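Q: The following block contains a protein sequence and its predicted model.
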Amino acid sequence: MITVSRARADEILDALRRGTVPETALDAFAVGLDPYRQTLEDELEQCARGRGRFKALRGEYGTGKTFFARWFQGLAKERGFAAAEVQISESETPLHRLETVYRRLTEHLSTAEEPRGALRLIVDGWFYSLEEEVVSRRGTLGEAELIAATDALMRERLRSIERHAPAFGACLRGYREAVAAEQEDIASGLIAWMSGQPNVSASIKRAAGIKGDIDHFGALGFLQGLLVILRDSGFAGLVVVLDEVETLQRVRGDVREKSLNALRQFMDEIDAGRFPGLYLLITGTPAFFDGPQGAQRLPPLAQRLHVEFGKDARFDNPRAVQIRLQPFDMPKLIEVGRNVRDVFAARSEDPERIRRTVDETLLADLAATVTGHLGGKVGVAPRIFLKKLV
């Protein structure tokens, strides 16, 4: 178990009391994830060297898919990645509308230092790094010369992106000019537009020479641009989690077809090298991957995701395109309870009293009681067990 501060322990315990997955420090009580760690670290290293990666995570409800996804984001941020988690839903974030997925991505963009909404800080850091590079090449310059030289360097870095998404560079140039002129309303509006937000006023867009909103195809170009900015700013890459893709099974047939095709397109673009530094992780239930209303409805996608799983999970290949989480058993449930007890003890004035009171017998009895009320289904018990324990 890792050591956590009192403040971080409070964040963990507050989330568990609500029955939700904490955002950070999941290593403090994670159980059963070590078999995946080395492979994921190796794949993140490949992304840091300029590759794109894709992986699908399958598991029944209650097996810890969201926990795994957030643990993985924490692992990535420790290694210099930015990360974003997007919950797929029929009404708010339909997968076939990639512009909406991109908007949610930027809203939840986080780094090791910034827990959410980190886009503007990343953009500001990028411009600073460009200015530093200009100064290192040409020495001290006047403000006008520095702005012009930085703009030229920005065009050079974004040349390949602007062929597909010219508005990306135009928005950045307009933002920098607005910041230099101390026009905060325009600067904030342009960052909002770059984030995919609708309803940015026409006057703000005119200031940068852009029109309309980011569409389905523009979203992929803007994601490419974001990856360039991250790389130039010293980040290793970007981890994007698309959580709960099984919700696609409940949408209208034509919408489902479009969503599955969008996912296939995204996977193919990653394999083709369009998104260097991107690690895309999707999570879903076995029904989504194997059932008639999920990936199987689009054979090209089903073929890309197919992995033959044997009965013994010990022989699963963690490097496969699809990996599976095993349901909790009683020993794992007690182990995670022990870890959470230790987190609670870390913020207590008398840690030993907590450990004596919440001993192995109490943990085992509580686990048995919770699973008994759920018909002996240990796999769906962790959330309820931890909520009661805390």
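A: All right, it came through fine.

Q: so where is the stretch 151-300 of the chain shaky, pLDDT-wise?
A: Using pLDDT under 70 as the threshold, the predicted model of the stretch 151-300 of the chain has no low-confidence range.

Q: And the helices in it, which stretches?
A: In chain order, the stretch 151-300 of the chain shows helices spanning 159-164, 166-180, 184-194, 202-208, 216-232, 253-271, 286-290, 299-305, with DSSP state H, counting those that start in this stretch as the criterion.

Q: Give me the distance between the nearest residue to Leu223 once chain neighbours are set aside and Ser89.
A: Counting by CB to CB, 6 or more residues apart in numbering, Tyr102 is the residue found nearest to Leu223 once chain neighbours are left out, at 6.2 Å. (Glycine included, C-beta is placed from N, CA and C.) Remark: distance between Tyr102 and Ser89 (CB to CB, to the nearest Å) = 15 Å.

Q: Compare these two (neighbour count), which wins?
A: A count of neighbours by other CB atoms under 10 Å puts Tyr102 above the other of Tyr102 and Ser89, at 24 against 16.

Q: Now do the same contact list for that one.
A: Shown here is Tyr102, whose contacts under the criterion CB atoms under 8 Å, 6 or more residues apart in numbering are 196, 214, 219, 222-223.

Q: Next one: it relative to Thr247, how far apart?
A: 18 Å.

Q: ok, now which residue in the protein is the farthest from the centroid?
A: When distances to the mean C-alpha position of the chain are computed (CA atoms, centre = their mean), the maximum falls on Gly142, with 40.2 Å.

Q: Do you know the pLDDT at it?
A: According to the prediction, Gly142 has pLDDT 79.

Q: Repeat that for Ala381.
A: You'll see Ala381 listed with a pLDDT of 68.

Q: Equivalent analysis for Thr93, please.
A: The score at Thr93 is 93. That number is its pLDDT.

Q: Check whether it really touches Val101, as I assumed.
A: Yes - in this structure, Thr93 sits in contact with Val101. The criterion is CB atoms under 8 Å, and the distance is 6.1 Å.

Q: Give me the neighbour count for the closest residue to Glu143 other than its chain neighbours.
A: If the residues on either side of it in the chain are set aside, Glu143 comes closest to Ala180, at 7.8 Å by CB to CB, 6+ apart. Number of residues near Ala180 (other CB under 10 Å) recorded here: 14.
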